[in-house]
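In: requesting a structural model of the entry that follows:
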Amino acid sequence: MFLACLLAPTAARGNEPAKKPKPYALIYGTVWDPDGHALYGVKVKIRRAEEKKSRWELYSNHTGEFAQRVPPGKADYIVWADVTGYKLPSGKPLKPGSEVTVHIDDDERADIGLHLDW
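Out: Have a look, this model is predicted:
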């Protein structure tokens, strides 16, 4: 038992308080083609409403979903899909759909959908 106490990290022994996770808000969404199919590998860009350039860039996963942590607190974000250079297996070209405005009040999750056009 004594040896186990020496090998266990101090946080595990209760000598130090566990670190509290830093709060965040989450923008979670799905990218859809015009026929309602989820799309993999689409670049998603996010910026604060008052900024000109995107602050975050990420890609949709195999189920068309994406998630980005943003700071908690009142803020508006603009989310859009960048289909520059994106190719569907059918070869049919896609156009970006409308930008989506997301309002965050605190440490919450906002669910959205990005719908692309032909």
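
In: okay, helices next: where are they in the chain?
Out: Taking DSSP state H to define them, one finds helices in the chain at 2-7, 10-13.

In: residue 70 touches residue 58, doesn't it?
Out: No: if you go by CB atoms under 8 Å, residue 70 and residue 58 don't touch, sitting 11.9 Å apart. To be clear about C-beta, it is placed using only N, CA and C from the backbone, and glycine gets the same treatment.

In: mutual contacts of these two, please.
Out: Overlap of the contact sets of residue 70 and residue 58 (by CB atoms under 8 Å, 6 or more residues apart in numbering) consists of residue 46.

In: which one's more surrounded, those two?
Out: A count of neighbours by other CB atoms under 10 Å puts residue 70 above the other of residue 70 and residue 58, at 19 against 14.

In: list the contacts of the more buried one.
Out: 24, 25, 26, 27, 46, 56, 77, 104.

In: emit the ChimeraX select command for whichever of those are buried.
Out: Here is the ChimeraX command that picks out the buried ones among the contacts of residue 70, judged by 16 or more other CB atoms under 10 Å:
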select :25,27,46,56,77,104
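
In: TSV for the contacts of residue 70, including distance to residue 16?
Out: Formatted as TSV, the contacts of residue 70 follow (distance: CB to CB, whole Å):
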residue	distance to residue 16
24	23
25	28
26	28
27	33
46	36
56	33
77	36
104	32
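
In: narrow the contacts of residue 70 to those in strands?
Out: If you go by DSSP state E, the contacts of residue 70 have 25, 26, 27, 46, 56, 77, 104 in strands.

In: which one of those is nearest to residue 96?
Out: residue 46 (13.8 Å; CB to CB).

In: shouldn't the closest one be in contact with residue 78?
Out: Yes: using CB under 8 Å, residue 46 is in contact with residue 78, at 7.2 Å.

In: which residues in this protein form strands?
Out: 25-32, 43-48, 56-59, 65-70, 75-82, 100-104, 109-115.

In: tell me which of the ones you listed approaches residue 18 most closely.
Out: Of all the strands of the chain, strand 65-70 sits nearest to residue 18, with 20.3 Å by CB to CB.

In: tell me the angle of the closest one relative to strand 25-32?
Out: Strand 65-70 runs at 160 degrees relative to strand 25-32, counting by axes from the mean of the first three to the mean of the last three CA atoms, to 10 degrees.
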